[in-house]
Structure formats: C-alpha cells, structure tokens
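Q: My questions are about this predicted structure, shown below with the sequence.
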Amino acid sequence: MTLQARRLEGKVALVTGAAQGIGRAIATRLAAEGASVAIADIDREAAARTASEISRAGTAVAVALDVTQLSSAVDAVSYVEREVGPLAILVNNAGWDKVQPFAESDPETWDKVIAVNYRGVIHCCKAAVPGMRQRAAGKIVSISSDAGRVGSSGEAVYAGCKAAVIALSKTLARELARDNINVNVVCPGPTETALLRNAMAGREKLVDAMRRSIPMRRLGQPEDIGGAVAFFASSDADYITGQVLSVSGGLTMVG
Ligand SMILES: NC(=O)c1ccc[n+]([C@@H]2O[C@H](COP(=O)([O-])OP(=O)(O)OC[C@H]3O[C@@H](n4cnc5c(N)ncnc54)[C@H](O)[C@@H]3O)[C@@H](O)[C@H]2O)c1
C-alpha cells in the first residue's frame, strides 16, 4: 500500500480486539499513518505477536484487555497513557457472535454477545473519555456492522447490540462535541475473518449467495476497513461527528 500521508504522526491509539482480523488490519493502518498503537485484546499472546509484527514498520505495544470488565478497560487506558502517551484515538473493534436462529438461542449466549459487543464499547468509552475531555481532543471510532443497520438472520441479539453502538455513538457525539471529541461509526459488511469463517462453517452456499448479492462481487478483506477508520481518526474528519459509514462493497445503501 502506498500512503499519500502520515496523518496520525505522534498520535496514540488504542484498538480493542486488535490481535487478529479487522482489528489487526486497523492497527496496522493506523501505525502506517504514524500512530503509536496499543494492541488491546483478551488474547494476550496473539496481541503480543501482532504488536511485534507491527513494530517492524511502526510503533505498537500489546495490552491485556477484557472489554466486558470496566476495571480492565480503565487499567488498559491507564497503562497506555503511562507507557505510551495521552490517548488521542480509541477504536472500539472487539466483537463476538454465535450465529443461530433467535428461537434456538439462550440467555447465556445473549449475555456474552451483549457483554462483548455493547457493554464493551460503553466500558472503553467510559475509560477513555475523561482524559480526552481534559485535553479537549479525541477521536472515537466504533466498529458496528451492517447487521446493526439492516438486520441479519441468525444474529438477532448481535444486530441489536450493533444498532445500540450506533445510537450510543450518536449520543456521545452530541454530548462530547464541545469537548472537541469526534465519535463516528464504521459498519463493515461481511468480511473474511475468523469470526465470519466460524459463523459460516459448512454454509458455503450461503457465503456464495452473499458474495453474489454484493455489487462489487467480493467479500470484504480486513484491510478494506482500515482506511475508513484512519480517516475518522485523522484531522481530515475534524468537522464530522455522529456519522455512520458502511464499508461493504455496496451491499447496503440505506439512507
Ligand atoms: N467479519 C465480519 O464479517 C464482520 C462484519 C461486520 C462487523 N464486524 C465487526 O468487526 C469487529 C472485528 O471482527 P472480526 O471479524 O475481525 O473478528 P475476529 O473474531 O477475527 O476478531 C475479534 C478480536 O476480538 C477479540 N476479543 C473477543 N472478545 C474480547 C474481549 N472480551 N475483550 C477484548 N478482546 C476481545 C478476539 O480475541 C479477537 O482478537 C467486530 O466488532 C465485529 O462485530 C465483523
């Protein structure tokens, strides 16, 4: 990838769920644009591997984080601010799902889906916002999903959480605008990662149908998402807040 600009030079970013998949690609892109990136993940070893890969070309540190625990989010932000510098960019990316018909799903699964996909975003915002307000500077980008905009069969509670992330972000965007904190949302369409592979295991026909329904006739790659996040994290988006951008090869075009 040839980059025209290093828009994030000197900025400190924390990306949740950055050990693999879309989070890793986002972290790689932010580092390529000059940010020092905290690879925050529940999988400590994978986070350390990813941080060391990114460190070959940029600056990255691994941070243990379980987004389902507010105390863990507070500890991760404190660690990054102590060891790396004031947090300028928070990317809420960690996610989890179990695809099944709603009628067959159980409360234990709902609790985990809500804890990771919705409460996790609340926790990380709660941990990051006080410092950003003090400094009157911050960019928060949350990774929702097209499921949260248009629904998705087999993902009822997950889609509900992703819609909640959009409403939370729009509200925070309103509340924090005068603190110079921008809050925006990126919604990937189906993207080739472990999450999608596990969800679609044994359903190759469905994957094929999905591919055919995408105007660009291909699934997303993790690298497709990083550019949109880097844009929202940069000063190019200083006058943009509370917005939702679908990165899905044209799959959804709802107004
Ligand atoms: N892959 C897709 O098709 C797709 C589509 C739309 C939206 N998304 C969203 O993109 C984001 C990334 O998804 P992905 O496909 O890269 O998934 P993935 O499963 O490949 O990666 C998720 C990462 O989150 C981490 N994680 C899980 N629970 C965590 C926790 N409690 N605390 C901290 N980290 C945790 C995992 O260890 C992993 O590194 C998610 O929010 C997902 O909902 C994905």
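A: Ah, there it is. Numbers count the residues shown, from 1 in each chain.
Q: partner residues bridging residue 41?
A: Using DSSP bridges, the beta-bridge partners of residue 41 come out as residue 64.
Q: What separation is there between it and residue 63?
A: Relative to residue 63, residue 41 is positioned 8 Å away (CB to CB, to the nearest Å). (Each C-beta comes from the backbone N, C-alpha and C, glycine too.)
Q: More neighbours: the two, which one.
A: Counted by other CB atoms under 10 Å, residue 41 and residue 63 do not tie: residue 41 has more neighbours, with 30 against 24.
Q: so what's in contact with residue 41 and residue 63 at the same time?
A: With contacts defined as CB atoms under 8 Å, 6 or more residues apart in numbering, the residues adjacent to both residue 41 and residue 63 are residue 47.
Q: Which positions in the lowest-mean-pLDDT helix or strand in the chain come out as buried?
A: Of the helices and strands making up the chain, the lowest-confidence element is helix 194-200, at a mean of 89, by mean pLDDT, DSSP states H and E. Within helix 194-200, the residues scored as buried using 16 or more other CB atoms under 10 Å are 195, 196, 199, 200.
Q: Which of the helices or strands spans residue 25?
A: helix 21-32 (DSSP states H and E).
Q: Is that helix in proximity to the ligand?
A: Yes: under the criterion of CB under 6 Å from any ligand atom, the ligand is reached by helix 21-32 at 21, 22, 23.
Q: Dump those residues to JSON lines, plus pLDDT and neighbour count.
A: Supplementary listing: those in JSON lines, determined by pLDDT from 0 to 100; neighbours: other CB atoms under 10 Å:
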{"residue": "21", "pLDDT": "98", "neighbour count": "20"}
{"residue": "22", "pLDDT": "98", "neighbour count": "30"}
{"residue": "23", "pLDDT": "98", "neighbour count": "29"}
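Q: now, among the residues you listed, which is nearest to the ligand?
A: Distances from the residues of helix 21-32 next to the ligand to the ligand were compared by CB to the nearest ligand atom; the smallest belongs to residue 21, at 2.3 Å.
Q: ok, that closest one - contacts?
A: Residue 21 neighbours (CB under 8 Å, 6+ apart): 191, 193, 194, 195, 222.
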